[in-house]
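**Student:** predicted model and sequence below, questions to follow.
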Amino acid sequence: MRNIELIEVCSDLGAGTQGACFGAEALQMMAHQDNGNPFQTLSLKTCHIPPSNGYHSSYAKNIEAIYKICRSIAQEVRSSLLVNQFPILVSGDHSCAAGTIAGIKMAKPNSRLGVVWIDAHADLHSPYTTPSGNMHGMPLAASINEDNKVTAKQHIDDQTHSHWKKLKNLGGISPKVLPQDIVYVSLRDFEDEEALLIKNHRIKTISTESARRCGIPSVVNTILKQLEYCTDIYVSFDTDCLDASISRGTGLPVDGGLMPYEAERLITLLMENPKICCLEFTELNPFFDTNSETTAIIYQLFKAGIQSLRAEAFAERIAYQSS
């Protein structure tokens, strides 16, 4: 267990609502009530959050601060991977994933990185297409260096353009991920602009219905087959991938999502593959979490992920990652 490093990011500047910045704290509080508290076995880092938001854009809210947060995340993830740690992140909102992906590429610049995006939303907007300006809808667009100007809804100002370009080039690598190396799981709520990118780039999507019909082991096999040419894989788990009927503790709950047992099986099987180099949980919002029900689910998934990274699996993982 000493090979796992927990990285907490207590920011929700990319979200449309406040509260997700306390997601990591909520998990910690739940862990204190657990005799098998996994936090006691992990080394812990907390990313620096800038005291001021900096430049504010209507088309990319808090973009300057988010760039700084992502830069801090990237440095922590890079440092973790360079000493053969396995980073598990608990971040406030999904904009942080742009930093996580940058950090992986900074540590492994020659790696072909695959991304498993377990999320109700596509997060493929840019400042040119966003309907809200909230940057938790943009991390994948930043990571694949996609402006999607062909469907642009607005002209952006020079400062927004400059900060967006800096975010896309974080770590000096752009693009960091190829669109064909992304797999969506439980995607079900996205705009036309994102749908066009998914279609044009032929991004693999696995619906909740398909996952349920085929079974989670088959889903994992499909994911790994799609990403077979990738040398490393990052798994990003957004709380809103869970069905809204059992998961209100997130900013944008959506019907038709995964059940907890399906999500746990998915995380457990994915973590057994030595190509998986990083896991992130995000968008847990305690402000909306009645009786801490969603927190309890995410905590169980967090534990399942750690348990799958057992000692014998680490020997294989470290041998693979060092090769």
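**Tutor:** Sure, I can see it. Numbering: from 1, shown residues only.

**Student:** quick one: contacts for Met259?
**Tutor:** Met259 is in contact with Leu242, Asp243, Ile246, counting by Cβ atoms under 8 Å, 6 or more residues apart in numbering. (Each C-beta comes from the backbone N, C-alpha and C, glycine too.)

**Student:** in TSV: these, plus pLDDT and secondary structure.
**Tutor:** As requested, the contacts of Met259 are exported to TSV (pLDDT from 0 to 100; DSSP: H, G, I helix; E, B strand; the rest coil):
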residue	pLDDT	secondary structure
Leu242	98	strand
Asp243	98	strand
Ile246	90	coil
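
**Student:** which of the residues in stretch 23-42 are buried?
**Tutor:** Neighbour counts over stretch 23-42 (16 or more other Cβ atoms under 10 Å) mark Gly23, Ala24, Ala26, Leu27, Gln28, Met30, Ala31, Pro38, Phe39, Leu42 as buried.

**Student:** for stretch 11-26, same thing?
**Tutor:** By neighbour count with 16+ other Cβ under 10 Å, stretch 11-26 contains the buried residues Ser11, Asp12, Leu13, Gly14, Ala15, Gly19, Ala20, Cys21, Phe22, Gly23, Ala24, Ala26.

**Student:** other residues contacting it?
**Tutor:** Residues outside stretch 11-26 that contact it (Cβ under 8 Å, 6+ apart) are 8-10, 47, 49, 53, 61-62, 65-66, 69, 90-96, 132, 134-136, 138, 239, 250-252, 281-289, 292, 295, 298.

**Student:** any weak-confidence spans in the stretch 101-250 of the chain?
**Tutor:** Applying pLDDT under 70 to the stretch 101-250 of the chain picks out no residues at all.

**Student:** that one: helices as residue ranges?
**Tutor:** Here the stretch 101-250 of the chain has its helices, by DSSP state H, counting those that start in this stretch, at 139-143, 158-168, 192-201, 208-214, 216-226.

**Student:** so which elements touch the fourth one?
**Tutor:** I take that to be helix 208-214. When contacts are defined as 3 or more Cβ pairs under 8 Å, 6 or more residues apart in numbering; DSSP states H and E, helix 208-214 packs onto helix 216-226, helix 260-271.

**Student:** mind putting those helices in CSV, mean neighbour count and distance to Lys303 included?
**Tutor:** Below are the helices and strands packed on helix 208-214 laid out as CSV (neighbours: other Cβ atoms under 10 Å; distance: least, Cβ to Cβ, whole Å):
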stretch, mean neighbour count, distance to Lys303
helix 216-226, 17, 18
helix 260-271, 20, 9
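
**Student:** so which of those is nearest Glu194?
**Tutor:** Closest approach to Glu194 among the helices and strands packed on helix 208-214 (Cβ to Cβ): helix 216-226, 18.9 Å.

**Student:** what's the angle from that closest one to helix 260-271?
**Tutor:** Interaxial angle, helix 216-226 versus helix 260-271 (axes from the mean of the first three to the mean of the last three Cα atoms, to 10 degrees): 40 degrees.

**Student:** who's in contact with helix 216-226?
**Tutor:** 114, 116, 183, 185, 204, 206, 210-211, 214, 262, 265-266, 269-270, 273, 275.

**Student:** any chance of the buried residues of stretch 11-26 in TSV, plus distance to Lys176, secondary structure and pLDDT?
**Tutor:** Shown next, in TSV, are those (distance: Cβ to Cβ, whole Å; DSSP: H, G, I helix; E, B strand; the rest coil; pLDDT from 0 to 100):
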residue	distance to Lys176	secondary structure	pLDDT
Ser11	21	coil	96
Asp12	23	coil	96
Leu13	21	coil	96
Gly14	18	coil	97
Ala15	22	coil	97
Gly19	29	coil	97
Ala20	24	helix	97
Cys21	25	helix	96
Phe22	29	helix	97
Gly23	25	helix	97
Ala24	24	helix	96
Ala26	30	helix	96
